[in-house]
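> My questions are about this predicted structure, shown below with the sequence.
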Amino acid sequence: MNGNCGKFNNCATAEGTVKHCKRLNTGTRLCLNPQNNYVVGVGSGSTIVYAVDRLAERVQQENLKIVCVPTSFQARQLILKHGLPLSDLDRHPELDVAIDGADEVDSSLTLIKGGGGCLTQEKIVADCARHFIVIADYRKDSKCLGQQWKKGIPVEVIPMAYVPIGRDITRRFGGEVVLRMGVSKAGPVVTDNSNFILDWKFEKVHNWKEVNMAIKMIPGVVETGLFIDMAERVYFGMQDGTVRIRDPPIH
Ligand SMILES: O=C[C@H](O)[C@H](O)[C@H](O)COP(=O)(O)O
């Protein structure tokens, strides 16, 4: 324990870069590599699979003791498949680090997530983590949201409210809202939390903080796929095999 970062005191830190921690507005060491006794949040999607492969390798090779908190059914299966210790927020409500993918990352590290329908649990787990680290390939990197990801911002909603919520969003912010439909399943996608997903195809760049708060205030909205001021670092896998790191701008 040699730092004071994230939302909690006494953060266990790795050998990492000393950087500004937006969350506490203080200098901190960034925990990039899971270390012994770490509680690790495991994100969802196709990219995280590679991270968990590597994590499992390190657990084997270095005899690391970690526990993993999943962000979805898929993440839970991934943890179990690798024989990693599975936990939950009841037992581990404070995580050292959460690692996850993203559908799009803008220049301020605002993310769109939820392309796979897992945004709500992902946001909860990320919020419980001292450090939230994102891994993505170069196609997710954009200056402004919407440049790369064309499927809109996912919004998880209580099923009986999907029509009024969709109308409210388009009335206030324009664009188009589509109920996400299942593939190889008749009817809508049902999330791990038994809800529906609306994909809001926005028409222009908004003040995402304001829009996010406004959408969250609509009764029946469970969560949005906008992750604002959460990611501390994004690792982009580039086409030539190199890795590009992006940290949030310091204001
Ligand atoms: O709902 C899915 C999650 O937010 C994923 O982390 C996100 O969609 C990125 O997934 P992938 O790594 O498959 O592009």
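Nice, thanks for sending it over.
> where do the strands sit along the stretch 151-251 of the chain?
Secondary structure of the stretch 151-251 of the chain, counting by DSSP state E, counting those that start in this stretch: strands at 153-157, 176-179, 196-201, 221-224, 226-227, 233-237, 243-246.
> Determine the set of other helices and strands touching the fifth one.
With contacts taken as 3 or more CB pairs under 8 Å, 6 or more residues apart in numbering; DSSP states H and E, strand 226-227 sits against strand 111-112, helix 208-216. (Glycine included, C-beta is placed from N, CA and C.)
> Walk me through which strands it pairs with, and which way each runs.
Strand 226-227 sits in its sheet next to strand 111-112 (antiparallel), going by DSSP bridges.
> neighbouring contacts of the strand it pairs with?
Strand 111-112 is touched from outside by 102-105, 134, 145, 149, 153-154, 225-228, 230-231, with contacts defined as CB atoms under 8 Å, 6 or more residues apart in numbering.
> Read off the pLDDT value for the spatially closest residue to residue 247 that is not a sequence neighbour.
Closest residue in space to residue 247, ignoring its immediate chain neighbours: residue 233 at 5.5 Å, by CB to CB, 6 or more residues apart in numbering. As predicted, residue 233 sits at a pLDDT of 96.
> roughly how far apart are residue 233 and the ligand?
16 Å (CB to the nearest ligand atom, to the nearest Å).
> do the same with residue 244
Residue 244 sits 17 Å away from the ligand, taking CB to the nearest ligand atom as the criterion.
> Could you list everything that residue pairs with in the sheet?
Listed by DSSP bridges, the beta-bridge partners for residue 244 are residue 236.
> Burial check on it, number of neighbours?
Around residue 244 there are 11 other residues, counting by other CB atoms under 10 Å.
> That's all I had, so thanks and see you.
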